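Novice: Okay, sequence plus prediction incoming.
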Amino acid sequence: MGLAEDVLAGDRLALARLLTRLEDEDSRGEAVLAELYPHARHAHRIGVTGPPGTGKSTLVNQAVRWCRQNGMERVAVIAVDPSSPFSGGAILGDRIRMRDLAGDPGIFIRSMASRGALGGLARGTAAFVDALIAAGYERLFIETVGAGQAEVDVARMADTTVVVEGPGMGDEIQAIKAGILEIADVLVVNKADLPGAQAAVQALHASLGLAKRPAGSWSPPILTTIAESGEGIEALMEAVNRHRDHLHDSGEGEARDRARAATRLEMELHHCLAERFRRELADGRFEDEVQAVFERRKTPAQAAADLIGERP
Ligand SMILES: Nc1nc2c(ncn2[C@@H]2O[C@H](COP(=O)(O)OP(=O)(O)OP(=O)(O)O)[C@@H](O)[C@H]2O)c(=O)[nH]1
Ligand SMILES: [Mg+2]
């Protein structure tokens, strides 16, 4: 049997091998994904993002456990590692915390490194998600750290985006409200056992009031949780499920899926064209133009135009 059949049959080792190929940009991975793609249809993708250390992994751990206890047969977690100098320890920590889920054959956990500069986080995440859905995972949690453009892009690969804040993060909320709050479907103030949680809830309410949302659309609930003890997890998952139902009933889910198809096709075009172009350039030409831009002899646009102009 081929790798695609093995993945469809629920073989975890085959799935792990496929994900490694996708991560390595091995063309055999892409070929397998092409076979699987018609099966990568029905699932609920839940993005979990927010500033470092707010308890996202702990929360995901509890949410996954809740899903398994409430009738979901296959649940997967993708921890996106932004490869920052700070993330090594965090991912290691995630692995340790997630270990108590590891014995469960209905749970698949995988971290994804964002090494490919051209590939990009969102593109890699989307490929992982396709593979996992085709393999039969009906719930997918995608954890990302931070609130930059990369996280917003990754969040667009999810159906439901959960933004996790911590108490005493007033400044952080100021910093993220413009970008990430606009894509939040559910807001969580975790570590509600610590002082400042209520203030954080209020700050979020105030920021949400400023965010531009069309009238009559989904209004994101703000919840509090204590991920360490599991308090509030049930309410969180109920909110997540309500959002999924809203996506379905309002037709917004389909609209998002279509928008995602366009985004992904565009990402692929960028990726393929840039890759092909770089391969066809003579040795050292790219570096020459970098030098020219660096020395201010050319603008980046001029350098790019020169490279494109001399292509065979
Ligand atoms: N007091 C308290 N501590 C918590 C709670 N949830 C998580 N923590 C602790 O907060 C720390 C960070 O938790 P993580 O789950 O790793 O947070 P994270 O957001 O995944 O961290 P990064 O992935 O590094 O951004 C750990 O020491 C947890 O034990 C909570 O509800 N209350
Ligand atoms: Mg984490």
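Specialist: Looks like it came in fine. Numbers count the residues shown, from 1 in each chain. Ligands and ions are numbered 1, 2, ... in the order given.

Novice: Can you tell me how far residue 151 is from residue 20?
Specialist: As judged by CB to CB, to the nearest Å, residue 151 and residue 20 stand 24 Å apart. To be clear about C-beta, it is placed using only N, CA and C from the backbone, and glycine gets the same treatment.

Novice: In terms of neighbours, single out the busier of the two.
Specialist: Neighbour tally, residue 151 and residue 20, criterion other CB atoms under 10 Å: the higher count belongs to residue 151, 25 against 12.

Novice: quick one: that one and ligand 2, what's the gap?
Specialist: Going from residue 151 to ligand 2 by CB to the ion, to the nearest Å gives 13 Å.

Novice: what helix or strand does residue 54 sit in?
Specialist: If you go by DSSP states H and E, residue 54 is not part of any helix or strand.

Novice: Check whether it really touches residue 166, as I assumed.
Specialist: Yes - Residue 54 is within contact range of residue 166, at 4.1 Å (criterion: CB atoms under 8 Å).

Novice: Is the helix or strand that contains residue 238 positioned near ligand 1?
Specialist: Per DSSP H and E, residue 238 falls inside helix 233-250. No - on the criterion CB under 6 Å from any ligand atom, helix 233-250 is out of touch with ligand 1, staying 10.2 Å away.

Novice: after that helix, next one along is what?
Specialist: Per DSSP H and E, helix 233-250 leads on to helix 252-280 as the next helix or strand towards the C-terminus.

Novice: returning to what we had before: mind listing the shared neighbours of residue 54 and residue 166?
Specialist: Common contacts of residue 54 and residue 166 (CB atoms under 8 Å, 6 or more residues apart in numbering): 190, 191.

Novice: that older thread, so what touches the helix holding residue 238?
Specialist: With CB under 8 Å, 6+ apart as the test, helix 233-250 has contacts from 44, 46, 59, 62-63, 66-67, 70, 159-160, 162, 185-186, 188, 218, 221, 223, 225, 227, 252-253, 256.

Novice: give me the number of residues near the closest residue to ligand 2 within the stretch 151-300 of the chain?
Specialist: Residue of the stretch 151-300 of the chain nearest ligand 2, by CB to the ion: residue 164 (9.6 Å). The tally of other residues near residue 164 (other CB under 10 Å) stands at 26.

Novice: part of a strand, is it?
Specialist: Yes - counting by DSSP: H, G, I helix; E, B strand; the rest coil, residue 164 falls inside a strand.

Novice: Show the contacting residues for it.
Specialist: When contacts are counted by CB under 8 Å, 6+ apart, residue 164 touches 48, 49, 50, 54, 55, 56, 59, 188, 190.

Novice: can you state the direction angle for the helix or strand where the first one lies and helix 233-250?
Specialist: Secondary structure from DSSP H and E places residue 48 in strand 44-49. Between the axes of strand 44-49 and helix 233-250, defined by axes from the mean of the first three to the mean of the last three CA atoms, to 10 degrees, the angle is 120 degrees.

Novice: partners of strand 44-49, with directions?
Specialist: If you go by DSSP bridges, strand 44-49 pairs up with strand 139-143 (parallel), strand 160-165 (parallel).

Novice: mind listing the helices for this protein?
Specialist: Along the chain, counting by DSSP state H, helices occupy 3-8, 12-23, 27-36, 56-69, 87-98, 121-134, 149-155, 170-176, 197-210, 233-250, 252-280, 285-294, 300-309.

Novice: okay, those helices in CSV with mean pLDDT and distance to residue 77 next?
Specialist: Shown next, in CSV, are those (pLDDT from 0 to 100; distance: least, CB to CB, whole Å):
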stretch, mean pLDDT, distance to residue 77
helix 3-8, 95, 17
helix 12-23, 92, 12
helix 27-36, 93, 19
helix 56-69, 94, 6
helix 87-98, 48, 7
helix 121-134, 89, 9
helix 149-155, 74, 14
helix 170-176, 55, 23
helix 197-210, 84, 25
helix 233-250, 97, 14
helix 252-280, 89, 20
helix 285-294, 95, 37
helix 300-309, 92, 39
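
Novice: Which residue does the protein have closest to ligand 2?
Specialist: residue 57 (3.4 Å).

Novice: That residue and residue 80 touch, don't they?
Specialist: No - with contacts counted by CB under 8 Å, residue 57 stays clear of residue 80, the gap being 11.7 Å.

Novice: what sits in contact with each of the two?
Specialist: What both residue 57 and residue 80 touch, as defined by CB under 8 Å, 6+ apart, is the set residue 143.
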